[in-house]
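> Just the structure for this:
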Amino acid sequence: MIKPIEIRYIKKNNILSLTFEDGLKENLTIEYLRCFSPSAEVRGHGPGQEKLQKGKEDVRLDKIEPVGNYAVKLVFDDGHDSGLYSWEYLHELCKDYKKNWHDYLDRLNKSGYARKKP
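Numbers count the residues shown, from 1 in each chain. Okay, here's the model as predicted:
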C-alpha cells in the first residue's frame with residue numbers, strides 16, 4: 001500500500017495537494033474529489049448505478065478527518081461526508097486525474113448540464 005506523505009488543503013485555490021511515498025504528487029480540485037466520492041450516494045451499489053454529480057463547482061472542504069492508518073474522511077460544505085478515501089483510492093484519483101476529469105466533463109456535456117466556470 002502506497003501511503004501519502006503529505007495531504008494539504010490549500011483553501012485559497014480550493015485544492016487538495018497530495019504527495020505519495022512513490023513520488024506521485026498532484027493537486028486535486030475539491031470539485032473533482034466531491035464528484036468522485038467513493039460513497040454509495042455517488043458510486044451506487046454496483047456498476048451502472050453511478051450518479052452524475054452536477055452543480056459542485058463551488059463546493060469547498062470543511063474538514064479532513066483521519067481514519068486509522070488507511071484513509072481520510074472528507075467533509076464537504078454541501079453536507080456530503082460519507083465515503084472513505086483510502087490511500088489506494090486517493091493514489092488512483094491522482095494517477096488518473098486528467099482522464100477522469102475529461103470523462104466527467106464529457107458526461108456533464110452529454111447530459112446537457114452547463115457547468116459554471118470557476
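> so where do the strands sit in the protein?
According to DSSP state E, the chain carries its strands in the segments 4-10, 15-20, 25-29, 61-67, 71-76, 84-86.
> now for the ones you listed, which one comes closest to Tyr97?
Ranking those by their distance to Tyr97 (criterion: CB to CB) puts strand 25-29 first, at 5.7 Å. C-betas here are computed from N, CA, C, even on glycine.
> For Val75, give its distance to Phe36.
16 Å (CB to CB, to the nearest Å).
> Those two: which has the busier surroundings?
Phe36 (22 against 15; other CB atoms under 10 Å).
> what separates the more buried one from Asn100, distance-wise?
Taking CB to CB, one finds Phe36 at 6 Å from Asn100.
> what's the overlap in contacts for these two?
Taking CB atoms under 8 Å, 6 or more residues apart in numbering as the criterion, Phe36 and Asn100 both touch Leu93.
> how about low-confidence regions in this structure?
118 (pLDDT under 70).
> Of all residues in it, which one is nearest the centre?
Geometric centre of the chain, nearest residue: Leu33, 1.3 Å, by CA atoms, centre = their mean.
> what sits against that residue?
Counting by CB under 8 Å, 6+ apart, Leu33 makes contact with 16, 61, 74, 85, 93.
> Make sure Glu41 is actually in contact with Lys51.
Yes - using CB atoms under 8 Å, Glu41 is in contact with Lys51, at 7.0 Å.
> ok, how many other residues are close to Asn109?
11.
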